[in-house]
Every structure is written in C-alpha cells, then in structure tokens.
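Undergrad: can't give you the sequence, but here's the structure:
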C-alpha cells in the first residue's frame, strides 16, 4: 500500500512541476505558442481552469497562486500520510 501512495505522490509531484511550468510560460507568449508550450498548457489547464477568475487585480489573475498553494498543501498531506505508514 505504501508503494502505491509513493507512486501517486511522485506523479502528483511531477504534475506540480507541470503547473509551475505552465504559469511561467504564461509570461512568455512566444514559447507558450510552441508545441511543448501547448502540450504543457493542455496538461495544466484542467486543474488551473477551476481557479481562474476568482482574484483578479487589474491585468493580474492571482488565483493560480491559490491553486498552486492548495496543490502544494495536498502534496504535503500525501507525503505525511506516506511517512506515517509502517
């Protein structure tokens, strides 16, 4: 069982880096239009779309920060759960 949760944790951690890459690519529109940028955006959009538009200040949509923080909190919870397993 611990092996299963460890694999899930590493998969979620890889997705976390995809989310970070998508946010960073949003600042570089030329790269985001490339094939790799579109691929990363397609992977990250289902999660980030849920948070878009909640906290908008001028041109800045800060809700992706909330999404990243919640995802990171979930990662830490899974990590703690794995560490508590025998």
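TA: Good, I have the coordinates. Computed from a prediction, not measured in an experiment: that's the story for all the values here.
Undergrad: for the spatially most central residue of the chain, give its distance to residue 36.
TA: Residue closest to the mean C-alpha point of the chain, counted by Cα atoms, centre = their mean, is residue 19 at 3.3 Å. Residue 19 sits 15 Å away from residue 36, taking Cβ to Cβ, to the nearest Å as the criterion. Any C-beta I mention is one placed from the backbone N, CA and C, and that applies to glycine too.
Undergrad: that older thread, okay, now the closest residue to the residue nearest to the centre of the chain other than its chain neighbours: neighbour count?
TA: For residue 19, ignoring the flanking residues on the chain, the nearest one in space by Cβ to Cβ, 6 or more residues apart in numbering is residue 44 at 5.1 Å. When neighbours are defined as other Cβ atoms under 10 Å, residue 44 has 21 of them.
Undergrad: hmm, back to that, might one say that the residue nearest to the centre of the chain is in contact with residue 47?
TA: Yes - Residue 19 lies in contact with residue 47 (Cβ atoms under 8 Å); the separation is 6.7 Å.
Undergrad: need the residues touching each of the two.
TA: 67, 71 (Cβ atoms under 8 Å, 6 or more residues apart in numbering).
Undergrad: what comes into contact with the longest helix along the chain?
TA: Secondary structure of the chain per DSSP state H: the longest helix is helix 2-25. Contact with helix 2-25 is made by 31-32, 37, 40-41, 43-45, 47-48, 64, 67-68, 71-72, 74-75, 78-79, 81-82, 85-86, as judged by Cβ under 8 Å, 6+ apart.
Undergrad: rerun at 6 Å
TA: 31-32, 37, 40-41, 43-44, 64, 71, 75, 78, 82, 85 (Cβ atoms under 6 Å, 6 or more residues apart in numbering).
Undergrad: before we move on, back to that, and the helix or strand harbouring the residue nearest to residue 19, what does it pack against?
TA: Per DSSP states H and E, residue 44 falls inside helix 35-48. Applying 3 or more Cβ pairs under 6 Å, 6 or more residues apart in numbering; DSSP states H and E, one finds that helix 35-48 contacts helix 2-25.
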